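J.: Structure of the sequence below:
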Amino acid sequence: MYPVAPNAAVALWDSGAPVIYLKQADASGKPSMKTYDLVERVEAPIESTSAVEGTNTTYATKDELAALAGVVRDVDGVIASLKEDVSTLKAKAIVKKATRKDEDDG
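T.: Prediction:
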């Protein structure tokens, strides 16, 4: 039995096992006990490059990359064309709206 003052805590180490007992007392002096296992924290081993080399990695050829670049250029062209179409449609809508407003005023 180990006395603990109110609102205090004491760490008690077990000399025969890797265990720590934390004895605490609340404001009225009522004690409580928690038990913790003492475990060594070990860093994870660093993965060697040989383990990475063992994976089944597939690389693209220059021809495959060139084909992909061509597809991207084609998509960029389509996007640019769509942007021009949208700009044209917006301009026509603005003109049409202005024309309608002039007709309503007149």
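J.: Flag the helix or strand of the chain with the lowest per-element mean pLDDT.
T.: Least confident helix or strand of the chain, by mean pLDDT, DSSP states H and E, is helix 49-53 with a mean of 59.
J.: and stretch 1-13, average pLDDT?
T.: The average of the pLDDT scores along stretch 1-13 is 91.
J.: before we move on, what about stretch 23-42?
T.: Stretch 23-42 comes out at a mean pLDDT of 93.
J.: Now do it: distance to the chain's middle.
T.: 35 Å (C-alpha atoms, centre = their mean, to the nearest Å).
J.: For that stretch, could you pull out the residues that count as buried?
T.: Residues 23, 25, 31 are the ones in stretch 23-42 that count as buried (16 or more other C-beta atoms under 10 Å). In short, each C-beta sits where N, CA and C put it, glycine included.
J.: Which strand or helix spans the spatially most central residue of the chain?
T.: Centrality entry for the chain: nearest residue to the mean C-alpha point is residue 44, 21.6 Å, by C-alpha atoms, centre = their mean. Using DSSP states H and E, residue 44 sits in no helix or strand.
J.: Can you verify residue 32 is assigned to a strand?
T.: Yes - checked against DSSP: H, G, I helix; E, B strand; the rest coil, residue 32 lies within a strand.
J.: Who does it form a beta bridge with?
T.: Beta-bridge pairing for residue 32 (DSSP bridges): residue 24.
J.: where's it relative to residue 91, distance?
T.: Taking C-beta to C-beta, to the nearest Å as the measure, residue 32 falls 78 Å from residue 91.
J.: repeat for residue 36
T.: Distance of residue 36 to residue 91, computed by C-beta to C-beta: 74 Å.
J.: Quick one: mean pLDDT over the longest helix along the chain.
T.: Ordering each helix of the chain by length in residues (DSSP state H) puts helix 62-105 first. Helix 62-105 shows a mean pLDDT of 88 in the predicted model.
J.: packing partners for that helix?
T.: Judged by 3 or more C-beta pairs under 8 Å, 6 or more residues apart in numbering; DSSP states H and E, helix 62-105 is in contact with no other helix or strand.
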